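# Below are the sequence and a predicted model for it; my questions follow.
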Amino acid sequence: MVYEEKNKLKSFPIQAFQQDLIHWYLAEKRDLPWRKDQDPYKVWVSEIMLQQTRVDTVIPYFTSFINKFPTIDALADANEEEVLKAWEGLGYYSRVRNLQAAVKEVKESYGGVVPKSPEEISKLKGVGPYTKGAILSIAYNIPEPAVDGNVMRVLSRILSIWEDIAKPKTRKIFEDITYELISKDDPSSFNQALMELGALICTPTSPSCLLCPVREHCSAFEEGVQTELPIKSKKKKPKPLQITAAVLYDANGNVYIHKRPSTGLLANLWEHPNVEVNAEVGKPYREQLSDYLQSEYHAKVELSELAGTVEHIFSHLIWNISIYFGELKNTPNQMLVSLTEEELNKYAFPVSHQKIYQIFKGSALNV
DNA sequence: TAGACGTGGCC
DNA sequence: TGGCCAAGTCT
């Protein structure tokens, strides 16, 4: 398969590019916790955490996650609730469910050793084309491309590629190019260098071209179009939803929470009981919530006045959450779990529901 | 393929 | 302030 873009490589100084890039990387690379060794498990955990997530955010999560689950066996045998708790606040929670499932698979089918073949490693849950290449190259020094957003941005500038990097099929173009460009002597440093360059120098909005170790090989810099690239089509705006949530408690000070379904949004996380409402029903939101608590949980409760609001922005949704408090007058059904404040700390909540509980704790109603 | 899937930071 | 993210994967 030959793309027009691949023809650009015929006159491209591949060796000099590799040398300049890797030389810069070895001198300037950041001292990150997942770079202390090449343990395939730690590389794997770091790559999953780094998906769509900033390095500064990941560092503390990575450190504590590896402390709690230092090996494949430790994670495979760990309690699911504890694993989810360790991911609390990181987002994209299916990442950690897939990671634990995949680690179990490695323990059972591969003797606890992360497979080295692209075919086998790709079968693991949560390991897509990027993560496959990242683990194989970084941990095992195998020359596989690891094409992420950084790599597409950097290479689109270096080679003046005007394809839309938001389109899924575009990634394949960059993979084909990377197979040609990648250093066969040090694929680990090469792949990481490309990403490091994207993170530190060849940044999205104002790239530091004058500090760039490969600017003499950069087509976009030569043409002065580095800020025009890459081409990236716009995302849709998230859809707003009106949500009501209740912090339910009893005379003993226990709080009643609900576990979300095992699939979909915020899967397996816990939350304060809540429901989507709308103005067209003709009832006040507080009454719509009260009706819902009665029918869904058989919970009898006199709700407070509006206690506060929390906005929670997802990639595709916005929750505008109105918060009410209520002391239970009866024992609700088993869909609602009663917990002491101390027990609450063992369960993983989405950030929006952490905020809801903080409003409850900070309220005068709670004394 | 396009949409689902989180969160916090930045300008 | 709102848009755009940041080392993607799954369906």
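Structure's in. What do you need?
# backbone phi and psi for the residue of the stretch 151-300 of chain A found nearest DNA strand C, please?
The stretch 151-300 of chain A approaches DNA strand C most closely through residue A:204 (3.4 Å), counting by Cβ to the nearest atom of the strand. From N, CA and C alone the C-beta is placed, and that goes for glycine too. When read as degrees, to the nearest 10, the backbone of residue A:204 gives phi -60, psi -50.
# ok, and the closest non-adjacent residue to it?
Leaving out its chain neighbours, the residue that sits closest to residue A:204 by Cβ to Cβ, 6 or more residues apart in numbering is residue A:153, at 6.5 Å.
# Tell me how many other residues surround the residue of the stretch 101-250 of chain A found nearest DNA strand C.
Going by Cβ to the nearest atom of the strand, DNA strand C is nearest to residue A:128 of the stretch 101-250 of chain A, at 2.5 Å. Around residue A:128 there are 11 other residues, counting by other Cβ atoms under 10 Å.
# what sits against it?
residue A:122 (Cβ atoms under 8 Å, 6 or more residues apart in numbering).
# Tell me which helix or strand the residue of chain A found nearest DNA strand B sits in.
Using Cβ to the nearest atom of the strand, the closest approach of chain A to DNA strand B is made by residue A:91 at 2.7 Å. Residue A:91 belongs to no helix or strand when assigned by DSSP states H and E.
# Please name the spatially closest residue to it (chain neighbours excluded).
residue A:53 (7.0 Å).
# returning to what we had before: tell me, how many residues neighbour the residue of the stretch 151-300 of chain A closest to DNA strand C?
So residue A:204, with other Cβ under 10 Å, has 12 neighbours.
# One more: residue A:359?
Counted with other Cβ under 10 Å, residue A:359 comes out at 16.
# Looking at it now. What's its pLDDT?
Residue A:359 carries a pLDDT score of 95 in this model.
# Leaving out sequence neighbours, find the closest residue to it.
residue A:308 (4.4 Å).
# So what sits opposite the one you found in the bridge?
residue A:323 (DSSP bridges).
# ok, back up a step: thinking the residue of chain A closest to DNA strand B is in contact with residue A:54, fair?
No: Residue A:91 lies out of contact with residue A:54 (Cβ atoms under 8 Å); the separation is 11.1 Å.
# With neighbour numbers in mind, choose between those two.
residue A:91 (16 against 9).
# For the more buried one, give its distance to residue A:134.
19 Å (Cβ to Cβ, to the nearest Å).
# and what of residue A:321?
Taking Cβ to Cβ as the measure, residue A:321 and residue A:134 are separated by 37 Å.
# next one: residue A:126
12 Å.
# Likewise for residue A:35?
Relative to residue A:134, and taking Cβ to Cβ, residue A:35 is found at 13 Å.
# These two: who's more crowded?
residue A:134 (27 against 14).
# follow-up on the earlier one: does the residue nearest to residue A:204 really touch residue A:228, like I thought?
No: the pair residue A:153 / residue A:228 is not scored as a contact, 11.9 Å apart, by Cβ under 8 Å.
# Counting neighbours around each, name which of these two comes out higher.
Under the criterion of other Cβ under 10 Å, the comparison of residue A:153 against residue A:228 puts residue A:153 first, with 22 against 13.
# so the more buried one, which of the three states?
helix (DSSP: H, G, I helix; E, B strand; the rest coil).
# Tell me who's in contact with it.
Residue A:153 touches A:165, A:198, A:202, A:204, A:229, A:230, counting by Cβ under 8 Å, 6+ apart.
# Go again with 7 Å.
A:198, A:202, A:204, A:230 (Cβ atoms under 7 Å, 6 or more residues apart in numbering).
# Which pLDDT value goes with it?
pLDDT at residue A:153 comes out at 97.
# all strands of the stretch 1-150 of chain A, in order?
Read by DSSP state E, counting those that start in this stretch, the stretch 1-150 of chain A holds no strands at all.
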